[in-house]
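Colleague: pasting the sequence and the predicted coordinates here, then a few questions.
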Amino acid sequence: MGFNDPRTPQRGRAAAAVRTLAIPVAVLLAGAVCAVTLVALSVVTVPDARVVLGEDEPAAAPAPDEGPEPAEEFTEEPAPPPAEEPAPEPSDEPGAAEGAEGAEEPAPEPAPEPSPAPEPEEPGGPAAAEPESVPPSAYDGSTTSVGVFRVVVETAYTDATITNGTGSYAEAPAGWEYHIYRLNVTNEGSSPVIFDSSGTVGTTTDGRRFVNDIDAEHTVAYDYFWFEIDPGETVTTHIMFLAPVGTEFAHVLVAGQSDLRPG
């Protein structure tokens with residue numbers, strides 16, 4: 001005869017009821033835990049960490065409702081002037097004064113540059129004007145030395161016509177005249193020498209220059225013009241210039257060597 005335990009069905013139903021209630025409770029607990037976790041995360045502020053590589057990132061633009069904060073004005077205060085050092089008091093010791101003088105010696109001034117020497121004037125070019133009026137007769141008796149010759153002006157004058165008195169003559173062009181210097185030339189040397197007047201230059205009172213007229217000199221003194229003069233002998237010869245009427249010669253450089261000036 002079979003035997004059934006009346007308590008077995010009741011125990012099975014109770015276990016089933018417990019399992020049925022445990023599932024919703026577990027779901028509720030899980031939902032509560034999730035809710036608590038979300039609330040906790042929303043409260044806790046996570047710091048904004050950025051890694052900057054290379055150049056700095058530009059600052060974020062301000063929100064539309066908020067304007068940029070005004071920059072604080074900064075005025076740099078001027079630095080105070082340095083304090084003046086007191087001048088050193090003079091020392092009574094002689095050595096101190098000498099040391100100061102030796103330490104601060106003035107630099108030597110540069111020597112002035114010498115002025116360039118004037119360039120020699122070339123014959124035939126303009127020369128400095130002579131201030132004085134010199135008529136030809138001012139040369140009467142003037143003297144100079146040319147090498148071994150002693151030269152004395154016997155007389156000086158002007159003329160439009162020249163001649164040697166024996167048929168040889170010449171006439172100056174219109175507006176011109178001859179300046180005639182009649183000379184006594186003495187050979188003071190020890191051997192016969194020819195007196196050569198070539199290279200004689202006359203300088204006028206207004207600075208012009210004229211070379212002696214060799215042809216005119218030969219016309220007047222052809223009979224002894226190129227002859228040798230013996231030692232101690234004196235001969236008469238001429239120096240002549242052809243120049244405009246009214247010209248006056250301030251000085252004459254005889255043979256390009258010796259200056260003849262009015263006596």
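Modeller: Great, that's in hand.
Colleague: surely G263 meets Y139?
Modeller: Yes. Between G263 and Y139 there is a contact at 6.6 Å, judged by CB atoms under 8 Å. In this view, the C-beta of every residue, glycine as well, is placed from N, C-alpha and C.
Colleague: residues shared between the contacts of these two?
Modeller: Common neighbours of G263 and Y139 are listed as V153 (criterion: CB atoms under 8 Å, 6 or more residues apart in numbering).
Colleague: neighbour count winner among those two?
Modeller: When G263 and Y139 are compared for neighbours, Y139 comes out ahead with 23 against 13, by other CB atoms under 10 Å.
Colleague: contact partners for that one?
Modeller: Here Y139 is in contact with 153, 156, 181, 252, 260, 262-263 (CB under 8 Å, 6+ apart).
Colleague: against I162, how distant is the residue nearest to Q257 when sequence neighbours are not counted?
Modeller: In space, and not counting its chain neighbours, Q257 is closest to V146: 5.5 Å by CB to CB, 6 or more residues apart in numbering. From V146 across to I162, the span is 23 Å (CB to CB, to the nearest Å).
Colleague: neighbour count: these two, which is higher?
Modeller: Neighbour comparison, V146 and I162: the larger count goes to I162, with 21 against 18 (by other CB under 10 Å).
Colleague: do I have it right that the more buried one meets V220?
Modeller: Yes. At 5.5 Å, I162 counts as touching V220 under the criterion of CB under 8 Å.
Colleague: so what sits against both of those two?
Modeller: Common neighbours of I162 and V220 (CB under 8 Å, 6+ apart) are 180, 240.
Colleague: so where's the stretch 51-200 of the chain uncertain?
Modeller: 51-131 (pLDDT under 70).
Colleague: about what we covered before: just the buried members of the contacts of Y139?
Modeller: 153, 156, 181, 252, 260, 262 (16 or more other CB atoms under 10 Å).
Colleague: if I look at the residue nearest to F195 when sequence neighbours are not counted, how far off is I239?
Modeller: Using CB to CB, 6+ apart and skipping residues adjacent in sequence, the residue nearest F195 is V185, 5.0 Å away. As judged by CB to CB, V185 and I239 stand 10 Å apart.
Colleague: just want to know which of these two has more residues nearby.
Modeller: Taking neighbours as other CB under 10 Å, V185 and I239 compare with I239 leading, 24 against 18.
Colleague: was I right about the more buried one contacting L183?
Modeller: Yes. At 6.3 Å, I239 counts as touching L183 under the criterion of CB under 8 Å.
Colleague: which residue ranges form the helices in this structure?
Modeller: 7-43, 94-103, 214-221 (DSSP state H).
Colleague: hey, where'd the strands end up in the stretch 101-250 of the chain?
Modeller: Assigned by DSSP state E, counting those that start in this stretch, the strands in the stretch 101-250 of the chain fall at 143-146, 149-159, 161-163, 169-171, 176-187, 193-194, 201-204, 209-211, 228-229, 234-244, 249-254.
Colleague: all set now, cheers.
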